[in-house]
Every structure is written in structure tokens, then in C-alpha cells.
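> sequence plus the predicted model coming up.
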Amino acid sequence: TPLLCRVFRDQVMHWDVIDLPYMHEESPNLPFFRTALGAFAGSGERDAPLLSHVLDLPGTWDELMSSFKSKQRVAHRTKWTRLMDGNAGRALAGGRDLPLEAAFDELWRLHETRFEGRHSAFLNPEMKRLQQELIRRWGARGRIVLPLLEANGSIVAAHYGFALFGKHWSYQTGFDPACANLSAGILSLGWTVRCAIEKGLREFDHMPGDARYKQEWSTRVRRVCFLEAFNYLSLTSLTFRTVRALNRLGPPVETPPDPAPGDEQAERPAALAVKSQPRSDMAACWCGASS
């Protein structure tokens, strides 16, 4: 990080804006960025910090189940038994039961089904190519986690995430709304948590956003901040700040609820366009004259 901050300084004539979104406030990198960017550019917080729900993972799945309230534990086990025994269910894992590439295609299909008639920034050709390249590079290194659930011979739910630094970072989900009565989404979350435990991971980060299922499947929260800096020497930077300030004078746009992975929101009308933003566990930056 100090080396990256030196690049920001040495290349000051070649960038306009540095954007570092979704940074955990306990990140050891954050003080470096705040000090370095504040030294030669106008900096501040782009948005108010968000809460990210985190589930601390025990050593076994049974330990996790025993930590739940009796009602939640019994409900989950009942739904799981109904899927497995009553609907010819199977719990699968990409990279083990089918190739990761094929598992991702199933996730993509289910995500399209889930967001039919609504907007998802995840569903575009550039994003698809990026994720396929990540899977190609990271799959063999065990960094890609893609559990799936099958019912009556068809894949009905998938959960896509990354295993990095001993943690699971949840990224995207997909489930068939026609299987809402099977609670496919929430069962997929449980299966993904179980896979993370079996991989020896220590925590499961749901990533920013508030939803009931995140609260139920978490033990604590962490704050996530958005750091940005504007180059004083850049006309583009000045123009961007001016336009954004004018846009913010208008009425606020209501933020849609974080979509749930299961049947609790499956029957809600799709009147609101839900923007599913790409999210990263690490600080991402972009810089250049075209920013």
C-alpha cells in the first residue's frame, strides 16, 4: 500500500480521481490511504459508512446450528429435509461435482431469472467476461466458491463468492423464483456457509447491505467506508465535482431494499429497479484522464 500511494503522488499529472470504495474501517491500509491522498489532493468520504454483516464460523456445521435459536434451527433442518427427501434434492459444489465454468453458467442463468424485469449491473457482457477470467485464474487455487442446490433434476439455487485470507466473501446469488416454496435461496445460503466451514474459513462476510437473512446469519457487523480524492490540478476532476454537486441538489432517490436470497421477498412486486453493484473486499481504485 505505501508503494501504491507513492504511485499516486509520482503520477499526479495522470489521474483525476482516486476512488476507494467498500473499505473496512479496521483495514490496516486505510490510514496509509488517508494520509497519502490528503497530502496532495482534496479528499473526503464519498458516502456515509455502511454496515457489513459478518458471521464468525465455528469449527463444524453442528456447532453453528447449535448456536441458533431452537425455532430457526428446526425450521432450517425441516426445509433442508423437505428439499433433499421430498424433491430429490442434491447439494453440489462447483469444481467438485461439475466444472466451475458450468457452475457459473448456472449462477448466471438463475441470476437472470431472479432479476427478470429489473436491472442488475452484474448482468452485462463485460462483467461476465471479467468473472469468467477470475474463475479461470483463481479456480485452481481454491479461491472460487460456487455451491449449488438441485431439486427434481434441475439446479434451483447458486451462491457465488471468494475464499481469500481465511474468509468467505459473498458476492452474487441466483435462485429460481418458481422454487420459492422450497426456500431454495435461504437453503443455498446455509449450504454455502457449510462449504465455507468445511474449507476451514474463519468468517463469512455478507458484504454491505441490510436484509433480514444477513442479520439472522451473522454474529457481528463491521463498518465499511468510501474514500475518494480529487486532484487539485485536474480540470476533469473539478468538472466532475461540480456536476455531482448540482445533481445532489435534486430530490433524493429512494434506495431499494437489499434483495433476499430466499422466499421471504420472492413474491414482492418488481416495481423498483434494483441495481446490484459489483463489490470488492479490497480497495479498488481507478485513475486516468478518462475517469
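Looks like it came in fine. The structure displayed is predicted, hence computed values, not measured ones.
> on contacts alone, who are the packing partners of the lengthiest helix in the chain?
Criterion DSSP state H: the longest helix present in the chain is helix 70-86. When contacts are defined as 3 or more CB pairs under 8 Å, 6 or more residues apart in numbering; DSSP states H and E, helix 70-86 packs onto helix 61-67, helix 184-198. Where you see a C-beta, it was placed from the backbone N, CA and C, and this is true even at glycine.
> now whichever helix or strand comes after that helix: average pLDDT?
For helix 70-86, the succeeding helix or strand toward the C-terminus, using DSSP states H and E, is strand 90-93. Strand 90-93 shows a mean pLDDT of 98.
> who does strand 90-93 pair up with?
strand 147-151 (antiparallel) (DSSP bridges).
> angle of the strand it pairs with against helix 184-198?
140 degrees (axes from the mean of the first three to the mean of the last three CA atoms, to 10 degrees).
> now the element after strand 147-151, going C-ward?
strand 154-164.
> list the buried ones in that next one?
Ile155, Val156, Ala157, Ala158, His159, Tyr160, Gly161, Phe162, Ala163, Leu164 (16 or more other CB atoms under 10 Å).
> so how far is Asn124 from the first one?
Going from Ile155 to Asn124 by CB to CB, to the nearest Å gives 22 Å.
> again, but for the third one
According to CB to CB, Ala157 and Asn124 sit 22 Å apart.
> just the last one next, same as before
With distances defined as CB to CB, the gap from Leu164 to Asn124 amounts to 24 Å.
> which one of the buried residues of strand 154-164 sits closest to Thr60?
Among the buried residues of strand 154-164, Ala163 lies closest to Thr60 (CB to CB), at 17.7 Å.
> so who does that closest one touch?
Gly142, Arg143, Ile144, Val145, Trp169, Ala196, Lys199, Leu201 (CB atoms under 8 Å, 6 or more residues apart in numbering).
> from those, which land in helices?
Ala196.
> and the contacts of Ala163 as TSV, adding neighbour count, pLDDT and distance to Lys128?
Compiled in TSV, these are given as follows (neighbours: other CB atoms under 10 Å; pLDDT from 0 to 100; distance: CB to CB, whole Å):
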residue	neighbour count	pLDDT	distance to Lys128
Gly142	11	94	22
Arg143	15	97	18
Ile144	23	97	15
Val145	24	97	18
Trp169	21	95	19
Ala196	23	97	24
Lys199	13	95	25
Leu201	19	97	26
